[in-house]
Structures are given as C-alpha cells and as structure tokens.
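Novice: can you look at this prediction? I've put the sequence above it.
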Amino acid sequence: MGVIELKTSVPGPNSKTLAARREAVVPRGLSHATPVYVAHAQGACLEDVDGNRFLDFAGGIGSLNSGHRNAHVVAQLESQLQNFLHACASVTPYENYIRLAERLNRITPGKFPKKTLLVNTGAEAVENAVKIARAHTGRPGIIAFEDAFHGRTMMTLALTSKTHPYKAGFAPFPSDVYRIPYGYCYRCSYSLKYPSCDVYCARHLEDTFKRVVAAEDVAAIIAEPVLGEGGFVNPPPEFFRILMDICHKHGVLFIADEVQSGFGRTGKMFGSEHYGIEPDLIVTAKSLGGGLPLAAVTGRAEIMDGPGAGGLGGTFGGNPLSCAAANAVLDEFEKTNLLARANSIGQRFETRAREWKQRFDLIGDARGLGAMRAIELVKSRETREPAPEETRQITQYCYEHGLITITAGSYGNVIRLLVPLVVSDQQMDEGLDVLQAALASACEKRRPLAEAVTK
C-alpha cells in the first residue's frame, strides 16, 4: 500500500477554512505553493488538516534532508529543553555553539584553519559573509551571477537576479554589486556549446575586471555551486576552478552559497566538493538545522577575523535548540548512509527522467547532482521557449493527487526535487508515478492547441 491517501478533494474543507482565516490576517506578499495546510509530518510524508496524506518532494524548500521529525534530532531537542532555551551567545556563551562551530570547521572543504559564525537564516548568513569579505579586503565590490538567489533582505536582493516576484517594487538596493553570466549551458548567454566553448563564461571574468569593475575594487564573488531558485543548474566541471584561479590572482575572495546545495543534497556533503574547490567562505543554512532556523558562515580563520570585536552578532544567532538540532543532523551524516542515499535517489530520478524526455516533448532538459535534480519545461525544444503555464498545471496536478512539489527557474518553468533523503524506494517511485501522470496530463492538454496552430 502506498503512502498517498486522499480522503477529501485538495484542498479539503479544513484547509479552505484556514485559507480564509489566513487571507484576513496575513499579507498577500507571503504566497504559498500549495493550498495544503499541514498537521503532521514524518520522514518524507505529510498529513494535512483534513487527514489527507502526501509525499513531500519539497522538503521545506530543502531544509529537511535528514527528514521530518528525525528521531535523533527530536531526542537532542528534548535533551536541550531540559537545560535552557535561550541565553544569547553574545552574552553568556554555551558549549553546543562551540561544538557545532568545531564540526563545521572540520567538515567543510579546505584543510586550512577556519572559524564559524552562527546566525538565523541563509539571507543573514550571506549578509554577514559580505560584511566579512569587505572588512578583510577593504574593498566594496561584490560580483554575483545571473539566475542567482541569495535571499530577500536588501543586500541579498541586490545579489539576487530574478526580478519578479523577488525584487520588483523594493528598489533602491545597496550599491557596488555587479552581475555576470553563470555557466548555464542549456541557456548559454554567449550562444556557445560546451566543451568547444572552453568555458568562456568563466574566463570572461577577466574582461569584467577590465570593462565593468576594477579587480582591486572587488571584495568577493558569491556563487551557488548549483543554482537553487535559478533552476538547479550545475555548471561545467571546470567552471569554478577557473573562476577561483582568476579571483585569487587578483586578491578577490570566493564565497560559496551552499544554503540549498549543502548537507548531502548533491550526493556529497557540500556541492563545492564536486568541483574540487576550497572556497574562502562557505554559507550554509536550511538542512543544517534539521527543521529549525539556523545558518552559518564558515571560512578561513584570518578572513573571518576581519571584522572587529562586536562587529558580528545577533540576539538569536546560534540559538541553543538550533545548535542541538544541527549537531544531531551532523551525527546522522556520520552514522548513516544519507550521502549514498542522495546518489541513489538521483540515479532513480535520472532513469525516469531519461524515459520522460523521450516520451514528453515538454521536457527540454533534465539535470542535477545527487538528489538535487530538476526538469526544465519548454514549449518547443527547438526554440527552448519556457513553459511556465504547463509547469503550474503540473504542480497543481501533483498536489491534487498527493505529491507536494515546487518550481524554480528565472522563467518559472523548472520543477525541482527536494525530497528528504530518508525517502524509501517505494515512496520515491510512488511520487515519481504521480509526477509522470502530471506530465502526461499537461502534454495531453496542450496537444489540441498544437493541432489548432498546425491547421
């Protein structure tokens, strides 16, 4: 028997009641991908307030690699609850903050001495990484990438690429931020082909220093090893090594935003490991906290010590409960096969996606690393015109049939896989069956339109 069990239509009556209450008290800016209101979650499964059971392929937007209510995480939270809930690490420090920093320093790429700052969210961590880079280098400029997403605060919005809904109406943004193309081979900004392009997108950084901003005015480049909101794009293997060599030639720091690609999602602990790079600073969040809010900046000790005493901090950064949860998450990676599981999930998805690509001309590209997988949907494989409406139809079909999915991409035409890594093979197949049916339904709906155009 499968996990999915729908007792009502979706949304059910209780979810509809909550939706009406929500509309009266919550601003419209806080949108949501589904009309499902959750009541209980475990592993890779959700149950809503109407008793409907769903498979969760969204995982709290990648925050639950170790699963909903992981038993070890819950046990460590219960233990911490017996001691204290909050004390503020900036006033009276505590051991589990130190222990977590030690562990992050040890497991992140790079054998050099490191230090770690704990904060609350990925956006806050990015903000602090920028502060640290500027303090260390004495330079103002930050270079980010097209299709990047780094958060919703003002500095991180300046770094984020996608305009709607993230940036529209919120300008002006902080200055000294510059943008260059990412290694997005399916939609190459230079209309070149890999590998004959010689990874021109990375080598073009030297030209940026000549024509856009002087290298000596740039503190850092920030990049996601795999684009998250930008569409789960993994660049060519040489991309980041070329970028880092150019950066270090000019004294520019490299910041890896591992908020979504970290903690096993790509089949390695950190996405950076796929490219053999050792970033100067690494930003982590999401699955670090096992479901609780926590983020970190980890980097070379001499860089992290750039800001003076009191220059970094925050009331709830490194909250004791969040630290307990994060230490439990790291225990899970040490004691279980979550990394191997991520690769197994990815292979299972890749096998199905290859079949889908042959069967459904709606799929333009299928890509990713480990369990960080996606399909990009297009109206035409020849023109590669994005298909956002069909993408919305597919996600709606999915949640109406018991599968929670979310989209991505600057054109809203990518369906991404963020299932908790604890998902079983049976659950994985059940979810992929729903996604396959959704793809078939979307293709069937657009067939009459295509025939009408042909006539």
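Specialist: Everything's here; your move.

Novice: gap between residue 178 and residue 215?
Specialist: For residue 178, the distance to residue 215 (C-beta to C-beta, to the nearest Å) stands at 11 Å. Glycine gets a C-beta too; all of them are placed from N, C-alpha and C.

Novice: looking at those two, which one has more neighbours?
Specialist: Of the pair residue 178 and residue 215, residue 215 is the one with more neighbours under other C-beta atoms under 10 Å, namely 19 against 14.

Novice: the more buried one contacts residue 248, correct?
Specialist: No: between residue 215 and residue 248 there is no contact, the gap being 11.0 Å when judged by C-beta atoms under 8 Å.

Novice: contact partners for residue 141?
Specialist: Counting by C-beta atoms under 8 Å, 6 or more residues apart in numbering, residue 141 touches 176-178, 213, 217-219.

Novice: pull out the buried residues from the residues you listed.
Specialist: Among these, those buried by neighbour count (16 or more other C-beta atoms under 10 Å) are 176-177, 213, 218-219.

Novice: nearest to residue 416 among those residues?
Specialist: Using C-beta to C-beta, residue 177 comes nearest to residue 416 of these, at 25.6 Å.

Novice: residue contacts, the closest residue to that closest one other than its chain neighbours?
Specialist: The shortest distance from residue 177 to any residue that is not its chain neighbour, by C-beta to C-beta, 6 or more residues apart in numbering, is 4.5 Å, and that residue is residue 158. When contacts are counted by C-beta under 8 Å, 6+ apart, residue 158 touches 173-175, 177.

Novice: so residue 110 touches residue 278, yeah?
Specialist: Yes: checked against C-beta under 8 Å, the pair residue 110 and residue 278 is within contact range at 3.8 Å.

Novice: SS state for the residue nearest to the spatial centre of the chain?
Specialist: Closest to where the C-alpha atoms of the chain average out (C-alpha atoms, centre = their mean) is residue 260, at 2.6 Å. Applying DSSP: H, G, I helix; E, B strand; the rest coil to residue 260 yields a three-state assignment of coil.

Novice: which phi and psi does it have?
Specialist: Recorded main-chain torsions at residue 260 are phi -100, psi -30, according to degrees, to the nearest 10.

Novice: mind pulling up the pLDDT for it?
Specialist: According to the model's per-residue confidence, residue 260 sits at a pLDDT of 98.

Novice: could you find the closest non-adjacent residue to it?
Specialist: Ranked by C-beta to C-beta, 6+ apart and with sequence neighbours excluded, the top spatial neighbour of residue 260 is residue 228, at 3.7 Å.

Novice: residue 425: how many residues sit nearby?
Specialist: Residue 425 has 11 nearby residues by other C-beta under 10 Å.

Novice: surely it touches residue 351?
Specialist: No: between residue 425 and residue 351 there is no contact under C-beta under 8 Å: 12.0 Å.

Novice: contacting residues for residue 70?
Specialist: Residue 70 is in contact with 290-291, 328-329, 332, 422, counting by C-beta under 8 Å, 6+ apart.

Novice: name the nearest of these relative to residue 201.
Specialist: Checking the contacts of residue 70 against residue 201 by C-beta to C-beta gives residue 329 as the nearest, at 34.2 Å.

Novice: quick check: the closest one is in a helix.
Specialist: Yes: with three-state DSSP as the criterion, residue 329 is located in a helix.

Novice: that one: what's it in contact with?
Specialist: Applying C-beta under 8 Å, 6+ apart to residue 329 gives the contacts 65-66, 70, 73, 263, 287-290.

Novice: quick check on those residues: which are buried?
Specialist: Buried residues within those, defined by neighbour count using 16+ other C-beta under 10 Å: 65-66, 70, 73, 263, 287-290.

Novice: take those and keep only those in helices.
Specialist: Those of these mapping onto helices are residue 73, per DSSP state H.

Novice: between the buried ones among the contacts of residue 329, which sits nearest residue 130?
Specialist: Each of the buried ones among the contacts of residue 329 was scored against residue 130 by C-beta to C-beta, and residue 288 proved nearest at 19.3 Å.

Novice: hang on, that closest one packs against residue 326?
Specialist: Yes: judged on C-beta under 8 Å, residue 288 makes contact with residue 326 at a distance of 5.2 Å.

Novice: overlap in contacts, the two.
Specialist: Where contact means C-beta under 8 Å, 6+ apart, the residues bridging residue 288 and residue 326 through contact with each are residue 294.

Novice: residues in contact with the closest residue to residue 413 other than its chain neighbours?
Specialist: With sequence-adjacent residues excluded and distances taken as C-beta to C-beta, 6+ apart, residue 413 is closest to residue 386, at 3.9 Å. Residues in contact with residue 386 (C-beta under 8 Å, 6+ apart) are 376-379, 409, 411-413.

Novice: between those, which is closest to residue 401?
Specialist: Proximity to residue 401 was ranked across the contacts of residue 386 by C-beta to C-beta; first place goes to residue 377, at 18.0 Å.

Novice: what helices or strands is whatever helix or strand the closest one lives in leaning on?
Specialist: According to DSSP states H and E, residue 377 maps onto strand 372-377. Where contact means 3 or more C-beta pairs under 8 Å, 6 or more residues apart in numbering; DSSP states H and E, strand 372-377 is packed against helix 338-359, strand 363-369, helix 388-400, strand 414-417.

Novice: just the buried positions in the shortest one, please.
Specialist: Applying a neighbour-count criterion of 16+ other C-beta under 10 Å, one finds 414-417 buried in strand 414-417.

Novice: now do the third one
Specialist: Of all the residues in helix 388-400, those buried under the rule 16+ other C-beta under 10 Å are 390-391, 393-400.

Novice: contacts for it next, please.
Specialist: Contact with helix 388-400 is made by 9-10, 33-36, 54, 57, 362, 377, 379, 404-407, 411-415, 434-435, 437-439, 441-442, 445-446, as judged by C-beta under 8 Å, 6+ apart.

Novice: contacting residues around residue 292?
Specialist: With C-beta under 8 Å, 6+ apart as the criterion, the residues that contact residue 292 are 77, 319, 321-322, 325-326.

Novice: hmm, back to that, how close does the residue nearest to the centre of the chain get to residue 119?
Specialist: Counting by C-beta to C-beta, the gap between residue 260 and residue 119 amounts to 17 Å.

Novice: can you check residue 241 too?
Specialist: Per C-beta to C-beta, residue 241 is found 29 Å from residue 119.

Novice: between the two, which one's more packed in?
Specialist: The residue with more neighbours, out of residue 241 and residue 119, is residue 119; 26 against 15, by other C-beta under 10 Å.
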